[in-house]
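Colleague: Okay, structure incoming, though there's no sequence with it:
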């Protein structure tokens, strides 16, 4: 069974391992970035556990624009209580647990929280090969992102939240 909960600082080392298994060195969040996110936005940073082991994570700040900008990867501010756009800077599942519903559970939990906090949308960027994955969850492709993060071409994906 998959258990979703808010992140804790003691999760840090496991999160860094999973992040680096799922993203290239240029794309992966650093330990310092994760520390800052855990400290500042633990209300929108969730981990998935199976049998007490962390197997996945989803995180991102609430922003005032509908699309992610590269400054978000290095600069973290506390989330507003209500409104705004819930971003996803990272969704990562340990390779041994992919295709087991972990990413779906993390996305569903984040969406439930976004709805509770009256966010307008959930917004993320993804690589071309993941567009169809996010479309299955109701995200719409808004075309190529202006993001140059990790030197990769990213696509803006957005899902409206109905309260």
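Modeller: Nice, thanks for sending it over. The structure displayed is predicted, hence computed values, not measured ones. Numbers count the residues shown, from 1 in each chain.

Colleague: switch to C-alpha atoms for all contacts and neighbour counts from now on
Modeller: Will do.

Colleague: So residue 76: helix, strand or coil?
Modeller: coil (DSSP: H, G, I helix; E, B strand; the rest coil).

Colleague: give me the number of residues near it?
Modeller: Residue 76 sits with 19 neighbouring residues when counted by other CA atoms under 10 Å.

Colleague: how close does it get to residue 132?
Modeller: 29 Å (CA to CA, to the nearest Å).

Colleague: pLDDT weak spots in the chain?
Modeller: Along the chain, the parts satisfying pLDDT under 70 run over 163.

Colleague: quick one, helices of this protein?
Modeller: For the chain, the helices defined by DSSP state H occupy 12-22, 31-41, 102-116, 131-135.

Colleague: residues in contact with the nearest residue in space to residue 80 that is not next to it in sequence?
Modeller: Using CA to CA, 6 or more residues apart in numbering and skipping residues adjacent in sequence, the residue nearest residue 80 is residue 62, 7.0 Å away. Neighbour list for residue 62: 44, 79, 80, 84, 85, 86, 87 [criterion: CA atoms under 8 Å, 6 or more residues apart in numbering].
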